[in-house]
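Visitor: Below are the sequence and a predicted model; questions follow.
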Amino acid sequence: MCIRTDGDLTEAGEGTPRSLLDQGILQGPFVEPSSGRTFVDSANIRKAMRAHAPAPPRAADLKGKRVAVVGLGVSGKAAAKLALDRGAHVVGVDAKPGLPRLEDDAQLAKFGRERTSTVLGEGAFSVLEECDLLVLSPGVPCNNQQVQQAAKNGATVVSELGFAAECIPAQTRVAAITGTNGKSTVTTFTGQLLGSTGASNFCGGNLGRPLSEASVALRRNPKEYAALVVEVSSYMMELPGSFHADVATILNLTPDHLERHGTMETYGSLKCRLLTPMTEEDTILLPQDPFLEGLALQAGGKAKRAFLDSIPGVLVDIETKRASVCLPSTSGCNTYNLGPLMAVGKHNLMNAGVALFLAEALDLGIAPAALQSAVAHLQAPPHRMMVVGEQNGVLWIDDSKSTNVDSSCAGIGGLAQPAVVLLGGLGKSSPEGLGFAKLVPLLQQHRGVVVFGKSGAEIEEELVASGMACTRVGKMAEAVELAQELAMPGDAILLSPACASFDEFDSFIHRGRYFAELFQNCPIAIAGPIDRRRWLNLAVSSDLLWTGKGPSKSTCVGESERSPGTAPHRTRSFPLLPSPRLCSHAAHPADASELVRFAATFRTWILPRQLALLAGLDRRSGGKGQIAR
């Protein structure tokens, strides 16, 4: 198709397929009377080109090649599958001994696992010099000495992201999301917006589903996905290969992963490599950060610029919960109501606004009204300000993905209700320390702080030095137990560690799942909000609140202890409740209405530890209400 751009119209040469006009994909033709030249409406040119672009060949383009997949985690296994599909002999390489071998992987059976071999353990990387192509998983740095030696010997080295990008059809739209914090949520929201409006899409990348999975599917059916929504990490951008996004965003840039990248300049430059292959038809959304803007300028590329908190770009009003989205290629703005958004935290309003911008910029023909309807269905990804449930009137929130201070700033600052905040794990050091002083103004708005883990003492020292009191414990389970005792009805327990998880857990996912397990093991744990009066009725009817008969050590709520306007409690003797921290003693009447007044009178609540003990009352003790030991 011969296309020459001329203002808002595009000249259609002799090569313009008549079928595009007949199908209505291109509007026109329009004939200029003075010159006799024929034009078509340029607004739909890109859509026409995508629809009629040739698909990448399904041929075994790597047949006879020896491809080393370095790192056999999720990304490595997906890359191995793609390499086999492209006809290669695949060598799986990992320094960890005892991992499952590719030749034993049942999922590779239909891809030709007889063309696989696996080298594990110390010395495994020596095989790289025998390979034609090296595909590096994100955890393998490109400056590895043996990787660099293989490259000197003539091997091509690429990341899993770049390897997968070689098989993306031209008509498939690509959105790329990177930054230090928030990228997983924005990626998820964007995929959910597209999915809710009927646009087929792949949502993955660094988020958990490797891009190679999408490439395998697209080799079989080039129209499998209308769009790919890809979370991109700095590790992936060390060797991006031919990866090219039609629309991209760098959400923010704060210190992270400097143990691998060395300096902020290197870290930021890797993020900005997204811009380098972008053309004037593409769009980049950037924060208003002079340091990052300088790095973006050095990266080159011709993408149209848009900015966060600006027009063109995304403007979000936190008070009115409205987002204005304006693409640099258009003159008008679309305004979206973010009130229906269910995700917890004010920062998620901006995340939703960015997702709406990306969904519009992908140019899939989705009406703004459809995107507005989809806002109510957005859900944050696991371990990102995820509501685990409610227990005793206290909301449990899992923000385990917050592995640095800046990420925790967003979660802690965005929470409207008071919270007991759990901080700890393996802190990320810098010349200035761990950086927890930055959290103090936010933490002072909350109920309390409990620190834990390997870096607990350092975190405590930094907080106390900045005027923030906290309590330090050893393990996360102890922190959660203490938080239950400190939290009041209407509060939250927020796990937003601001640290890596590797001192106690395998990953932030493992840490978040353990937090959920602790919640599930509470005697009365309801996954979701619950009416407190119903909770009390449930507790009484199930004998969790069991009144012993006969005299016992007790405290009864007398006339002088009740709240004004409440009826006197019955004169009755009740067993003494265990009282770890929040109350020195408490009585529990037999019916729920009295227990409601009791809780209101003492401004406290039955503690999980108390319930656990009450649930252990020995029925064989003759109904005396004694605690089973």
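Guide: Yep, it's here.
Visitor: So for G294, what's the pLDDT?
Guide: Per-residue confidence (pLDDT) for G294: 94.
Visitor: Now for it, how many residues are close by?
Guide: 13 (other CB atoms under 10 Å). Quick note: C-beta positions are derived from backbone N, CA and C, even for glycine.
Visitor: Can you classify it as helix, strand or coil?
Guide: helix (DSSP: H, G, I helix; E, B strand; the rest coil).
Visitor: measure it to E265 for me?
Guide: 9 Å (CB to CB, to the nearest Å).
Visitor: do the same with G424
Guide: According to CB to CB, G424 and E265 sit 30 Å apart.
Visitor: more crowded one of the two?
Guide: G424 (30 against 13).
Visitor: I'd like to know how many residues surround G123.
Guide: Neighbours of G123 (other CB under 10 Å): 10.
Visitor: got a list of what it touches?
Guide: Residues counted as contacts of G123 (CB atoms under 8 Å, 6 or more residues apart in numbering): none.
Visitor: again, but for the one 3 residues further on
Guide: When the contact criterion is CB under 8 Å, 6+ apart, the partners of S126 are Q146.
Visitor: now swap in F307 and tell me
Guide: By CB under 8 Å, 6+ apart, the residues touching F307 are L285, L286, P287, Q288, G313.
Visitor: Out of the helices and strands in this protein, which is least certain?
Guide: strand 3-6 (a mean of 34; mean pLDDT, DSSP states H and E).
Visitor: where does F189 fall, helix, sheet strand or coil?
Guide: Going by three-state DSSP: F189 is helix.
Visitor: Name the SS class of the residue nearest to it when sequence neighbours are not counted, please.
Guide: Once flanking residues are discounted, F189 sits nearest to A355: 3.6 Å by CB to CB, 6 or more residues apart in numbering. Of the three states, A355 takes helix according to three-state DSSP.
Visitor: Give me the distance between A355 and V314.
Guide: Relative to V314, A355 is positioned 9 Å away (CB to CB).
Visitor: Between these two, which has more neighbouring residues?
Guide: A355 (32 against 26).
Visitor: got a pLDDT number for that one?
Guide: For A355, pLDDT reads 98.
Visitor: try the one 3 residues further on
Guide: Looking at L358, its pLDDT stands at 98.
Visitor: can you check the one 4 residues further on too?
Guide: With respect to pLDDT, L362 has a value of 97.
Visitor: just checking, next helix/strand downstream of the host helix or strand of V147?
Guide: Using DSSP states H and E, V147 falls within helix 145-152. Downstream of helix 145-152, the next assigned helix or strand under DSSP H and E is strand 156-159.
Visitor: Run me through the strand neighbours of that next one, direction for each.
Guide: Sheet pairing of strand 156-159 (DSSP bridges) gives strand 133-136 (parallel).
Visitor: CA atoms only: put the strand it pairs with into PDB for me.
Guide: Extracted in PDB, the C-alpha atoms of strand 133-136 (Å, rounded to 0.1, in the frame of the first residue of the first chain):
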ATOM      1  CA  LEU A 133      21.700 -17.900  21.100                       C
ATOM      2  CA  LEU A 134      21.300 -17.100  24.800                       C
ATOM      3  CA  VAL A 135      18.000 -16.200  26.200                       C
ATOM      4  CA  LEU A 136      18.400 -14.700  29.700                       C
END
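Visitor: Which elements pack onto the helix holding V147?
Guide: strand 133-136, strand 156-159 (3 or more CB pairs under 8 Å, 6 or more residues apart in numbering; DSSP states H and E).
Visitor: following the last one, which helix or strand comes up?
Guide: If I follow you right, that is strand 156-159. Following strand 156-159 in sequence, per DSSP H and E, is helix 160-165.
Visitor: List the contacts of the very next helix or strand once past that following helix.
Guide: Next along the chain after helix 160-165, taking DSSP H and E as the criterion, comes strand 173-178. Outside strand 173-178, the residues that touch it by CB under 8 Å, 6+ apart are 50, 168, 183, 186-187, 190, 205, 226-234, 237, 243-251, 271, 274, 358, 361-364.
Visitor: rerun at 7 Å
Guide: 168, 183, 186-187, 190, 226-233, 244-250, 271, 274, 358, 362, 364 (CB atoms under 7 Å, 6 or more residues apart in numbering).
Visitor: now swap in stretch 404-421 and tell me
Guide: 180-182, 254, 256, 344-348, 385, 399, 402, 428, 435-436, 438-439, 442-443, 446-450, 483, 486-487, 490-494, 496, 498.
Visitor: same question, stretch 282-300
Guide: 245-253, 268-269, 272-273, 275-276, 278, 303-310, 313, 327-328, 354, 357, 361.
Visitor: if we go to 6 Å?
Guide: Around stretch 282-300, the neighbours that count as contacts under CB atoms under 6 Å, 6 or more residues apart in numbering are 246-250, 252-253, 268-269, 272, 275-276, 303-308, 357, 361.
Visitor: which of these count as buried?
Guide: 246-250, 252-253, 268-269, 272, 275-276, 303-304, 306-308, 357, 361 (16 or more other CB atoms under 10 Å).
Visitor: Take those residues and keep only those in strands.
Guide: Filtering the buried ones among the contacts of stretch 282-300 for membership in strands, criterion DSSP state E, returns V247, A248, T249, I250, K304, A306, F307, L308.
Visitor: Let me know the distance separating the first one from T197.
Guide: It refers to V247. Taking CB to CB as the measure, V247 falls 16 Å from T197.
Visitor: next one: the fifth one
Guide: Using CB to CB, we find K304 at a distance of 24 Å from T197.
Visitor: same thing with the last one?
Guide: For L308, the distance to T197 equals 23 Å [CB to CB].
Visitor: so where does E460 fall, helix or strand?
Guide: helix 456-465.
Visitor: roughly how far is that helix from the heart of the chain?
Guide: Chain-centre distance of helix 456-465: 28 Å, with CA atoms, centre = their mean, to the nearest Å.
Visitor: List the buried residues of it.
Guide: G456, E458, I459, E460, E462, L463.
Visitor: got it, and stretch 508-516?
Guide: Buried residues in stretch 508-516, defined by neighbour count with 16+ other CB under 10 Å: F508, R511, G512, R513, Y514, F515, A516.
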